[in-house]
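Novice: would you be able to build a 3D model of this:
(one chain, ligands or ions: 1)
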Amino acid sequence: MLIRRPDDIRPSEITSRCLFERRREFLRLSAGVALAGIFPSAHGALGPGRSSSYSTSETPTPLKHVTAYNNYYEFGTDKEDPARTAHGLRVRPWTISIDGLVRQPKTLGIEDILKLAPLEERIYRLRCVEGWSMVIPWLGIPVSSLLKLVEPLGSAKYVEFITAVQPETMPGTRTRVLDWPYTEGLRLDEAMHPLSIMAAGLYGDVLPNQNGAPLRLVVPWKYGFKSGKSIVRIRFTDKEPRTSWVKSAPQEYGFYSNVNPDVDHPRWSQARERRIGEFSKRTTLMFNGYAEQVGQLYTGMDLRKNF
Ligand code: MTE
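Specialist: Residues are numbered from 1 along each chain as shown. Next up, the predicted model:
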């Protein structure tokens, strides 16, 4: 058998070795978490994590669709591009800086972030503004567990989420399809809401690169584009952050982007949606079905004006 030195390792092996290491790390973090076995056949190597009352009981979209039909413009604009090209994304070492209007700015390694709270399984609906939807069993921690660490100042009203730019691994960032880095934002109370999570996995396994490894935002009552992938910086501000989509098409996008079947996007009706893997369309629900949990965040606001 051929014995090779470490510097003889082929790039394809580095990817799988990296994934192996990430799985081991994940497994360590999930240790002690009840393996509820909700989807014994569907879950990956790590089990489903601690289950949550915030989860929907709807059937999750098959893994093959969740990981092969993606929006991740840094890797191309076709739905199949990210699965094809995101394998090169460098996800270790990975740090996230949290700064702006805070008492204790910090830069944390992904390993430390994942220890902040027990990984929880959250089975959420994801509704894209393009008119399709999925149900995804995420594994993650509440965004609040990360934000509390830095002690936001009283003047902080918004949180900006800034994502990675790796021109050498992300072909899309070498084009001007968007103003990079892909940036999103939430009001502070939206970010602190218990439904908002930072996801590090799905289907009981580490997050595939095309879904936003190693850590992405998930805000299930807003259109999918608010859920930035591969986050590298979180910044507290006193002004509404200008998001990538608002910069690129201000006539089409706004800051709030709550799922709302009564307000159409200029190019897509929002009244109905196609669940990926299903044939007929279904009615879109206000706040993507999370009205009971988040409706009070918007009391007194004219929701028709806040696409
Ligand atoms: N994050 C980054 N960094 N770049 C992107 O292009 N696309 C957004 C969002 N997060 C995007 C992103 C859009 S439009 C959607 S619908 C969701 O990711 C899709 O998430 P998924 O591919 O995991 O289903």
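
Novice: strands of this structure, start to end?
Specialist: Remark: strands assigned in the chain by DSSP state E are 95-100, 106-109, 120-127, 132-142, 158-163, 183-187, 197-202, 205-206, 216-218, 231-237, 272-275, 282-283.

Novice: return the most buried member of these.
Specialist: Of all the strands of the chain, strand 197-202 carries the top mean neighbour count, a mean of 27, counting by mean count of other C-beta atoms under 10 Å. For every residue, glycine as well, the C-beta is placed using N, CA and C.

Novice: next, the angle from that one to strand 231-237.
Specialist: Counting by axes from the mean of the first three to the mean of the last three C-alpha atoms, to 10 degrees, strand 197-202 points 170 degrees away from the direction of strand 231-237.

Novice: in its sheet, what does strand 197-202 sit against?
Specialist: strand 132-142 (antiparallel), strand 205-206 (antiparallel), strand 216-218 (antiparallel) (DSSP bridges).

Novice: could you dump those strands to TSV with distance to A291 and mean pLDDT?
Specialist: Conversion of those to TSV gives the following (distance: least, C-beta to C-beta, whole Å; pLDDT from 0 to 100):
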stretch	distance to A291	mean pLDDT
strand 132-142	16	98
strand 205-206	31	96
strand 216-218	18	98
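
Novice: give me the residue from the protein nearest the ligand.
Specialist: As assessed by C-beta to the nearest ligand atom, the ligand sits closest to G224 within the chain, at 2.7 Å.

Novice: quick one: the strands paired with strand 197-202 as JSON lines, columns for distance to A156 too.
Specialist: Output for the strands paired with strand 197-202, formatted as JSON lines (distance: least, C-beta to C-beta, whole Å):
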{"stretch": "strand 132-142", "distance to A156": "18"}
{"stretch": "strand 205-206", "distance to A156": "31"}
{"stretch": "strand 216-218", "distance to A156": "17"}
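
Novice: pLDDT below threshold where in the stretch 51-200 of the chain?
Specialist: Residues of the stretch 51-200 of the chain that meet the criterion pLDDT under 70 lie in 51.

Novice: can you give me the helices for the stretch 51-200 of the chain?
Specialist: For the stretch 51-200 of the chain, the helices defined by DSSP state H, counting those that start in this stretch cover 63-66, 81-85, 110-113, 143-147, 188-192.

Novice: quick revisit: name all residues that make contact with the residue of the chain closest to the ligand.
Specialist: Going by C-beta atoms under 8 Å, 6 or more residues apart in numbering, G224 touches N71, L126, R127, C128, V129.

Novice: now, which of these sits nearest K281?
Specialist: Of all the contacts of G224, R127 has the smallest distance to K281: 12.4 Å, by C-beta to C-beta.

Novice: list the contacts for that closest one?
Specialist: The contact partners of R127, taken as C-beta under 8 Å, 6+ apart, are S133, Y223, G224, V259, E273, T284, N288.

Novice: give me the beta-bridge partners of the first one?
Specialist: On DSSP bridges, the residues paired with S133 through beta bridges are R127, R275.

Novice: who touches it in this structure?
Specialist: The contact partners of S133, taken as C-beta under 8 Å, 6+ apart, are R125, L126, R127, E273, R274, R275, I276, T284.

Novice: what about 7 Å?
Specialist: Neighbouring residues of S133 by C-beta atoms under 7 Å, 6 or more residues apart in numbering: R125, L126, R127, E273, R275.

Novice: one more: the second one?
Specialist: If you count contacts by C-beta under 7 Å, 6+ apart, Y223 has them with R127, C128, V129, S257, V259.

Novice: now with 6 Å?
Specialist: With contact taken as C-beta atoms under 6 Å, 6 or more residues apart in numbering, Y223 is in contact with V129, S257.

Novice: what are the phi and psi values at it?
Specialist: Here is the backbone geometry of Y223 (degrees, to the nearest 10): phi -60, psi 150.
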